[in-house]
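Student: How does the following fold in three dimensions:
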Amino acid sequence: MAAVVPETAPFVRAAATASPALKNFLAPVTSVAMQMQRLVYGPFKSAADRGPIESLAGRPFLIVIDGLDGCEDKDEVGELIDSMLSFFDDNPFIPLRIFITSRVEQHIQSRLDVPGVHFHDLADHCSDDDITAFLEVLFQDAGRGSPVIRAYVREHGEWPTPGEKRKLVHHTSLRRPYSNSLWGRTPQGRT
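Tutor: Okay, the predicted model is just below:
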């Protein structure tokens, strides 16, 4: 954040200097909620309190939290969400936004089911063309990174075949998380 919004840099440095434990991400001594409060919300609010944040050019700063449902400690996820909502309740006009991607699990949805939070189920907006494009990129990437796949294609032709791709698209559109598990299981795939 400090690199993109330099107005926050002195406040981030001051927070990290005052509480060195905030920087120990491998063996955290402080909660994620506390880290966000001291290293993100506090510095951002301090910068905004000084006046318009010029580096934002009138637009809000967006923080993306991807895969919140993948966090093992449900209590810590709840604490993070609660502190986030509290911050925005206290600072409704601050030019900061949080975008969370996650499966909607009970411990997440129960806390985010409040005014001001907008839910969008991507399955409602995903077409077979989107899934086909995703799979094309997935298999092209896997083919570039795998000599086994390249050898198979040289000997047998396209992999997977158009029929196999259609089946994958059909299965994936019925069960969206299938694409995520497929991504993690494809040779040379990125997880």
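Student: what is the residue nearest to the spatial centre of the chain paired to in the beta sheet?
Tutor: A centroid search over the chain (C-alpha atoms, centre = their mean) returns residue 66, at 1.7 Å, as the residue closest to the centre. Beta bridges link residue 66 to residue 101, judged by DSSP bridges.
Student: Check the spacing between it and residue 99 real quick.
Tutor: Taking C-beta to C-beta, to the nearest Å as the measure, residue 66 falls 9 Å from residue 99. All C-beta atoms are positioned from the backbone trio N, CA, C, and that covers glycine.
Student: And residue 116, by the same measure?
Tutor: Using C-beta to C-beta, residue 116 is found at 14 Å from residue 99.
Student: Looks like residue 80 contacts residue 36 (just checking).
Tutor: Yes: if you go by C-beta atoms under 8 Å, residue 80 and residue 36 touch, sitting 6.7 Å apart.
Student: More neighbours: these two, which one.
Tutor: residue 80 (23 against 19; other C-beta atoms under 10 Å).
Student: low pLDDT regions in the chain?
Tutor: 24-28, 122-126, 173-191 (pLDDT under 70).
Student: Now do the helices in the chain.
Tutor: Assigned by DSSP state H, the helices in the chain fall at 9-18, 32-36, 42-49, 74-90, 106-112, 128-145, 147-156, 162-174, 177-185.
Student: Need those helices in a markdown table (columns: distance to residue 56).
Tutor: Formatted as a markdown table, the helices of the chain follow (distance: least, C-beta to C-beta, whole Å):
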| stretch | distance to residue 56 |
| --- | --- |
| helix 9-18 | 14 |
| helix 32-36 | 19 |
| helix 42-49 | 9 |
| helix 74-90 | 17 |
| helix 106-112 | 25 |
| helix 128-145 | 31 |
| helix 147-156 | 44 |
| helix 162-174 | 38 |
| helix 177-185 | 33 |
